[in-house]
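Engineer: please find the sequence and the predicted model below.
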Amino acid sequence: MRTSDFEYDLPVELIAQDPLPDRAASRLLMLDRSSGEVKDDLFRNIGGYFRPGDVLVINDSRVSSFRLRGRRPSGAAVEALFLECVHGVTFRALMKPGRRLHTGDRIAFGGGLTGTIVSREEDGSRLVELSADEGDLMSAIGREAEAPLPPYIRKPLQAKERYQTVYSAVDGSSAAPTAGLHFTADKLREVEDAGVRIARITLHVGASTFRPVRAESLEEHRLTGERFTISAEAADTISQAAGRVFAVGTTSTRALEAAAESPGTVAPMDGQTDLFIRPGHEFRIVKGLVTNFHMPRSTLFVLVAAFAGREKLLRAYSEAVRERYRFLSLGDAMLVV
């Protein structure tokens, strides 16, 4: 399929720059993928769309990457997205301006933090040794670091925990599984009390999640593998669902479909997936999807189009634009059933 078939006009003023004070106060656009009906609602009412016996699958990965801003001895500005701790005090980072940074360069990040570039990796990332002038290194990072927000959010997040889900537990993601940001602990308890079972799985979101599809056809695009885990307990809960399986987010969806043994049956798994779900994919596990509004030409938008139907999704997005919904990571929610 042509990538251009997954374009839509997103007014820049609709890209949310701040989270709402109350997580569950976001709006909810419901799309019935059978009829194409669209309904405006509020996320706090999402429990009314579930039935006893349904299973809600959440991704409990926690954002462990962080962003630091600093300067070289020349005074030139440097921005670094630290993706993971490789060992000890050595981290893998994406740095800007990449072409001007070399092995051995030292960067003063503020707050007494200093980084020394150890090497340049084949993928363009750098290995950087961090040190703190005083006290514990991780405490210094916690004080100085910014949440690793996507590039379309143009200011730092004041409360960094708002870029974590309330159920995040396993460090490893470079970006938040944002569909889950709308849930509060109270909302999850309400859903469980109504007879819906909750299954926790883990998929660590990679740094390439915001990369647009630049190829002219979807078949030419490749995803970077992402680590995921589905425990035996979670697999049993999902496979034995008396009702429908709802995935919270595209990350949960990819993990479930990658681990599908047969329609309705998920295998316990600990591995990687580079599954690119696009129109034509036969969904074997997921029957409902809680998601955010995604960028045009993104693999996330393509996945939702595969689930909902491209034409129905484009009409729903047109409705969301007309009704001034808030878009992307910190924006409003969508439910596809």
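Structural biologist: Yep, that arrived. Note that this is a predicted model, so its numbers are computed, not measured.

Engineer: and stretch 54-72, what's its mean pLDDT?
Structural biologist: Stretch 54-72 shows a mean pLDDT of 96.

Engineer: ignore what I typed, I meant stretch 111-128.
Structural biologist: The model assigns stretch 111-128 a mean pLDDT of 93.

Engineer: just the buried positions in it, please.
Structural biologist: Burial within stretch 111-128, assessed by neighbour count using 16 or more other CB atoms under 10 Å, is assigned to 111, 113-117, 125-128. Quick note: C-beta positions are derived from backbone N, CA and C, even for glycine.

Engineer: ramachandran coordinates for E220?
Structural biologist: Dihedral angles of E220 (phi, psi; degrees, to the nearest 10) stand at phi -90, psi -10.

Engineer: any idea how far I277 is from L256?
Structural biologist: 10 Å (CB to CB, to the nearest Å).

Engineer: can you list the domains in this structure?
Structural biologist: Domain assignment for the chain, taken from automatic domain parsing, gives 3-63+159-336, 66-144.

Engineer: let me have the ones you listed in TSV, extended by distance to Y152.
Structural biologist: Output for the domains of the chain, formatted as TSV (distance: least, CB to CB, whole Å):
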stretch	distance to Y152
domain 3-63+159-336	5
domain 66-144	15
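
Engineer: okay, these, which one's buried deepest?
Structural biologist: When you average the neighbours per residue for each of those (mean count of other CB atoms under 10 Å), domain 3-63+159-336 leads with a mean of 19.

Engineer: P151 is nearest to which of the domains of the chain?
Structural biologist: Nearest to P151 among the domains of the chain is domain 3-63+159-336 (6.9 Å), distances taken as CB to CB.

Engineer: any low-confidence regions in the chain?
Structural biologist: 210 (pLDDT under 70).

Engineer: all helices of it, in order?
Structural biologist: Using DSSP state H, the helices of the chain run over residues 137-144, 185-193, 232-239, 249-258, 299-308, 310-322.

Engineer: mind checking which of those helices is nearest R44?
Structural biologist: Judged by CB to CB, the one of those that comes nearest to R44 is helix 185-193, at 7.2 Å.

Engineer: quick check, L275 in contact with A258.
Structural biologist: Yes: L275 is within contact range of A258, at 4.7 Å (criterion: CB atoms under 8 Å).

Engineer: ok, P212 to T3 distance?
Structural biologist: Taking CB to CB, one finds P212 at 9 Å from T3.
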